[in-house]
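A.B. asks: My questions are about this predicted structure, shown below with the sequence.
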Amino acid sequence: MSAPTLRLGTRASQLATTQSGHVAALVRERLGREVELVEVTTDGDVTAAPLASLGGAGVFVGALREALLDGRVDLAVHSLKDLPTAPHDGIALAAVPAREDPRDVVVARDGLSLGELPVGSRVGTGSPRRAAQLHALGLGLVVDDIRGNVDTRIGKVRSGEYDAVVLARAGLARLGRLDEATEVLDPLQVLPAPGQGALAVECRAEEAELVAALGALDDAGARAAVTAERAVLARLEGGCAAPIGALAEVVEGDEGDELWIRAVALSHDGGLAVRMSASGRPDDAEGVGLRLADEMLADGAAQLTEPGPDPAAIDDPMKRQDA
């Protein structure tokens, strides 16, 4: 008798269903199980209110987790950068598949890069992390808040409303639209959000066999990298309300694999920043991230990670899930 079809919960946006379809294909290939997508509407899909008024980053994941816990779906897929850093009772992060390139990209008019844009050019982003780092570049750009999915944001460049927008490279890659990027931003200039480019596959913690089976989708390097990045985020207590970037990778060293991580915490205007890096063992990824965050706090990061005065400018998954 064949195993029952697995129900995979997903948001209904084009990017979310594309990401979930990728995970479904991995499940079919590696577990030999059939999968059907089940669309779940989250609070973040039906309101344009600021994230802060809705209770934080979980606005996009809460409904999917409820669907898991009440048995409507068997597993769920999220953009990992949207997951709250605290564990959720009854839910296991069963897999972090191989990660897309986590860097940010520019989509600008006339094929321009950021450095080629004239002073005073209007650049759109819904992320204070990106905005603060753009200000820190000192290019004289006007950085304005923007909402909407990839189509909406790029459309504002095509219409001339904005001179450029900054998006996650991973979203464009998954949608097959990388050729629309006019520049890939060097992480030395703009660090991505913790977990950017990675997917999270969750299921009920009590389903021990499914948790174990989904481990076949896990990529050890991606898991270690995002664990370190999210540890930095959790320790700095910035969550999605603070301009914090982090990027880790596992590289081959003389004595085995090594985990390297860079992180930045910035004032909202980009005028002040604490930038640090660290390294350690991949099997101590959380410890590496926590120690780096402690060093950043000792160097003054605590004064930089307070939420800014404008709640509409929060680094908000509601604005960035599709970008």
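C.D. replies: The structure has been received and is ready for your questions.
A.B. asks: Okay, now the unreliable bits of the stretch 151-300 of the chain?
C.D. replies: For the stretch 151-300 of the chain, the stretches with pLDDT under 70 are 238-242.
A.B. asks: the strands in it, which residues?
C.D. replies: Assigned strands in the stretch 151-300 of the chain, in chain order: 164-168, 183-184, 199-204, 244-253, 256-266, 273-280 (criterion: DSSP state E, counting those that start in this stretch).
A.B. asks: Describe which strands the shortest one pairs with in its sheet and in which direction.
C.D. replies: The one in question is strand 183-184. Paired neighbours of strand 183-184 in the sheet (DSSP bridges): strand 104-108 (antiparallel).
A.B. asks: Excluding its own residues, what touches the strand it pairs with? List them.
C.D. replies: Residues from elsewhere that reach strand 104-108 (C-beta atoms under 8 Å, 6 or more residues apart in numbering): 113-114, 116-117, 130, 153-154, 157, 163-169, 172, 178, 180-185, 190, 192, 196. From N, CA and C alone the C-beta is placed, and that goes for glycine too.
A.B. asks: Of those, keep whichever come out buried.
C.D. replies: Buried by 16 or more other C-beta atoms under 10 Å: 114, 117, 130, 153-154, 157, 163-169, 172, 181-183, 185, 190, 192, 196, out of these.
A.B. asks: Among the residues you listed, which ones are in helices?
C.D. replies: 130, 153-154, 157, 169, 172 (DSSP state H).
A.B. asks: would you turn these into JSON lines with distance to residue 290?
C.D. replies: Listed next are these as JSON lines, based on distance: C-beta to C-beta, whole Å:
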{"residue": "130", "distance to residue 290": "25"}
{"residue": "153", "distance to residue 290": "34"}
{"residue": "154", "distance to residue 290": "38"}
{"residue": "157", "distance to residue 290": "39"}
{"residue": "169", "distance to residue 290": "28"}
{"residue": "172", "distance to residue 290": "32"}
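A.B. asks: between those residues, which is nearest residue 93?
C.D. replies: residue 169 (23.2 Å; C-beta to C-beta).
A.B. asks: Tell me how far that closest one lies from residue 231.
C.D. replies: 23 Å (C-beta to C-beta, to the nearest Å).
A.B. asks: and what of residue 11?
C.D. replies: Distance from residue 11 to residue 231, by C-beta to C-beta: 26 Å.
A.B. asks: so what's the nearest residue to residue 261 once chain neighbours are set aside up against?
C.D. replies: Closest residue to residue 261 apart from its sequence neighbours, by C-beta to C-beta, 6 or more residues apart in numbering: residue 248 at 3.8 Å. By C-beta under 8 Å, 6+ apart, the contact set of residue 248 is 224-226, 228-229, 259-262, 285, 288-289.
A.B. asks: What segments of the chain are helices?
C.D. replies: Counting by DSSP H, one finds helices in the chain at the ranges 14-31, 62-69, 128-136, 150-158, 169-174, 208-214, 220-236, 285-298, 317-320.
A.B. asks: Nearest to residue 87 among those would be which one?
C.D. replies: helix 220-236 (10.5 Å).
A.B. asks: Break this structure down into its domains, please.
C.D. replies: Here the domain parsing of the chain from automatic domain parsing is 6-97+198-218, 104-193+310-320, 227-303.
A.B. asks: on that earlier part again, right, and the strands of the stretch 151-300 of the chain - which one's nearest residue 90?
C.D. replies: strand 199-204 (6.3 Å).
A.B. asks: Pairing partners for the closest one, with directions?
C.D. replies: Strand 199-204 has the following strand partners under DSSP bridges: strand 75-79 (antiparallel), strand 91-95 (antiparallel).
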